[in-house]
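[1] Build the 3D model from these lines:
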Amino acid sequence: MGSWRRRNNPRADIQRKLQVAPELFLVGTHGGQSVATVWPATKGISGWINYLAVAPHLQKTGGGRQIMEDAERLLRERGSPKINLQVRTPNQHVIEFYRRLGFSIDDVTSMGKRLIPDEPFQP
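    Here you go, the predicted model:
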């Protein structure tokens, strides 16, 4: 499994997300604690999945699948005919998770350009 480094600042991204479509900021809870999150979005007619995360102690218990079902429902309600997402290539266990949900690898090259530089993320 290779290594990868975080290239974005999640705290800054959360603040940005809350300014744009906060109704598409999903948080799963368990025992009163936030344990999962996903940020579905629409760009054009396509749906996108961003920042899916499940607390490590609850991974492989169905929480990721459940919050993804909610995200898919919201995107379907908005008329999205397809969902796209990006996973860093070394993150094979996440790629396998999405395969189990019915996703397949599209033969595309993803490119990006940073418009607003963030401070390095400090966990």
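[2] in the protein, what spans have low per-residue confidence?
    1-7, 121-123 (pLDDT under 70).
[3] ok, the strand ranked longest in it: who's next to it in the sheet?
    The residue-count maximum for a strand in the chain (DSSP state E) belongs to strand 33-43. According to DSSP bridges, strand 33-43 has the following sheet partners: strand 26-30 (antiparallel), strand 46-54 (antiparallel).
[4] can you tell which of those strands is closest to Glu69?
    Ranking those by distance to Glu69, with CB to CB as the measure, places strand 26-30 first at 10.5 Å. Bear in mind the C-beta positions are built from the backbone N, C-alpha and C, glycine included.
[5] Pull out the buried residues from the closest one.
    For strand 26-30, burial by neighbour count (16 or more other CB atoms under 10 Å) applies to Leu26, Gly28.
[6] again, but for stretch 36-53
    Using 16+ other CB under 10 Å as the burial criterion, the residues of stretch 36-53 that qualify are 36-42, 47-53.
[7] mind putting the residues you listed in JSON lines, distance to Thr109 included?
    Listed next are the buried residues of stretch 36-53 as JSON lines, based on distance: CB to CB, whole Å:
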{"residue": "Ala36", "distance to Thr109": "30"}
{"residue": "Thr37", "distance to Thr109": "28"}
{"residue": "Val38", "distance to Thr109": "25"}
{"residue": "Trp39", "distance to Thr109": "23"}
{"residue": "Pro40", "distance to Thr109": "23"}
{"residue": "Ala41", "distance to Thr109": "21"}
{"residue": "Thr42", "distance to Thr109": "22"}
{"residue": "Gly47", "distance to Thr109": "20"}
{"residue": "Trp48", "distance to Thr109": "17"}
{"residue": "Ile49", "distance to Thr109": "19"}
{"residue": "Asn50", "distance to Thr109": "19"}
{"residue": "Tyr51", "distance to Thr109": "22"}
{"residue": "Leu52", "distance to Thr109": "22"}
{"residue": "Ala53", "distance to Thr109": "25"}
